[in-house]
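>>> structure for this input, please:
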Amino acid sequence: MSGENEEQLSYSDAIKKASPSITRFPVIPVRGVPLMSYIAQNWDSIWAFRPDPSDLLIATYPKAGTTWTQEIVDLLYHNGDAEACRRAPTPVRSPFLEIFSPAPIPSGLDLLEKMDPPRVIKTHLPFQLVPPGFWENKCKAIYVARNAKDNLVSYYHFDCMNQTQPEPGPWEGYIHKFMRGELSWGSWYDHVKGYWVEREKRNILYLFYEDMKENPRREVERIMRYLDLSVSDEVLSRIVQLTSFKNMKENPMANYSFIPEPVFCQSISPFMRKGEVGDWNNHFTPEQSEMFDEDYEKQMKDIKIPFRCQI
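Reported below is the predicted structural model:
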């Protein structure tokens, strides 16, 4: 058995062992941004993280296409080799920078320590909380943004099934929490604006979830060029196929089925639920949509980011 497969087993087993102590952890503000208590309590070590210049950061607001992008990048780095990309679950191949959980689950920093650069690192931190070493070392960063309404719907279902996140409460109230930025990792509005404003100065590849759904091949090519990689047309087509929603949902190394049921209750909602653009139409009442749109205009009036709620 390879060391990576052992890593996979130990990661899953660690979560199983920690399951009895898993609870819906409260959020604690860090520089005004609500973060899960385990993250807030370990903030100094997260902020002090020093990446290698060759490391790649994949940043998103939660439920905006993070796992999808991680899989695309891993396949590009491995020339479309599907088996190589099933060597371990997503969070082992591409560690979650700021995550801390009850023992014996390894933190993102623990996993990164054991890896040789170049590493692919995931974060949900807003721009101002990203450890400064990433920008000082001129690391490349890919940011994926999803339209607010679909992002809100997806995050709501995720918070229902993820037993480590604060209790989401009813849908009607959740909309207001989202609008006020009271969810884990804070305000969607501040998040998407923060990376947008810095994208040119920091050489951030800013992608839109809707563009990825509309024309996945075009966006995979953009990622490939940004990473200074070159793969054949045949490999590009294979990567697009392997990262389709259907194939990702069936991939045990990407669909988070390795997280045991008491932690991720996929019977409540699958980790990969629909992956559609416009599903918000099935959740918002006309009154809720109108209220949300009015608030959106106020919160986004200072900046124009070309989001689409339909394709």
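
>>> every contact and neighbour count from this point should use C-alpha atoms.
OK.

>>> C309 and W135, how far apart?
Noted for C309: a distance of 31 Å to W135, by C-alpha to C-alpha, to the nearest Å.

>>> my bad, should have said S19
Distance of S19 to W135, computed by C-alpha to C-alpha: 36 Å.

>>> same question for R87.
Distance, R87 to W135, using C-alpha to C-alpha: 30 Å.

>>> same check, this time on E200
To W135, E200 is 12 Å away according to C-alpha to C-alpha.

>>> of these two, who's got more company?
Applying other C-alpha atoms under 10 Å to E200 and W135 shows that W135 carries more neighbours, namely 16 against 11.

>>> list the buried residues in the host helix or strand of that one.
W135 belongs to helix 133-136 when assigned by DSSP states H and E. Residues of helix 133-136 classed as buried: 133-135 (neighbour count, 16 or more other C-alpha atoms under 10 Å).

>>> so can I have TSV of those showing pLDDT and distance to M291?
Output for the buried residues of helix 133-136, formatted as TSV (pLDDT from 0 to 100; distance: C-alpha to C-alpha, whole Å):
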residue	pLDDT	distance to M291
G133	98	40
F134	98	38
W135	98	38
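
>>> neighbouring contacts of the helix or strand following the helix holding W135?
For helix 133-136, the following helix or strand on the C-terminal side (DSSP H and E) is strand 140-145. Identification of contacts with strand 140-145 by C-alpha atoms under 8 Å, 6 or more residues apart in numbering yields 54-61, 64-66, 192, 195, 203-209, 227.

>>> which of these are buried?
Using 16+ other C-alpha under 10 Å as the burial test, the contacts of strand 140-145 include 55-61, 64-66, 192, 195, 204-209, 227 as buried.

>>> which residue ranges of the stretch 201-311 of the chain form strands?
Taking DSSP state E, counting those that start in this stretch, the strands of the stretch 201-311 of the chain run over residues 204-208.

>>> point out where it drops to low pLDDT.
267-273 (pLDDT under 70).

>>> quick one, helices of it?
Using DSSP state H, counting those that start in this stretch, the helices of the stretch 201-311 of the chain run over 209-214, 216-226, 233-242, 245-250, 286-299.

>>> and the residue nearest the centre of the chain?
T66 (3.3 Å; C-alpha atoms, centre = their mean).

>>> distance from stretch 283-301 to the middle of the chain?
24 Å (C-alpha atoms, centre = their mean, to the nearest Å).

>>> quick one: buried residues of it?
Using 16+ other C-alpha under 10 Å as the burial criterion, the residues of stretch 283-301 that qualify are 284, 289, 292.

>>> can you add distance to Q163 and give the residues you listed back as CSV?
Listed next are those as CSV, based on distance: C-alpha to C-alpha, whole Å:
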residue, distance to Q163
F284, 24
S289, 28
F292, 27
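
>>> W47 against Q128, yeah?
No - judged on C-alpha atoms under 8 Å, W47 makes no contact with Q128 at a distance of 10.7 Å.

>>> where do the contact lists of those two overlap?
Common neighbours of W47 and Q128 (C-alpha under 8 Å, 6+ apart) do not exist.

>>> just to revisit the earlier point, contact partners for the residue nearest to the centre of the chain?
Per C-alpha under 8 Å, 6+ apart, neighbours of T66: 58-60, 122, 144.

>>> what's the closest of those to E172?
E172 has its nearest neighbour among the contacts of T66 in T60, at 24.4 Å by C-alpha to C-alpha.

>>> who's in contact with the closest one?
66, 123-125, 143-145.

>>> columns distance to N247 on top of the residues you listed, output as TSV?
As requested, the contacts of T60 are exported to TSV (distance: C-alpha to C-alpha, whole Å):
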residue	distance to N247
T66	16
T123	24
H124	24
L125	28
Y143	23
V144	20
A145	22
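
>>> let me have those in a markdown table, adding pLDDT and distance to W43 as columns.
As requested, the contacts of T60 are exported to a markdown table (pLDDT from 0 to 100; distance: C-alpha to C-alpha, whole Å):
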| residue | pLDDT | distance to W43 |
| --- | --- | --- |
| T66 | 95 | 22 |
| T123 | 98 | 14 |
| H124 | 98 | 14 |
| L125 | 98 | 12 |
| Y143 | 98 | 22 |
| V144 | 98 | 24 |
| A145 | 98 | 25 |
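
>>> mark which of the residues you listed are buried, thanks.
Buried by 16+ other C-alpha under 10 Å: 66, 123-125, 143-145, out of the contacts of T60.
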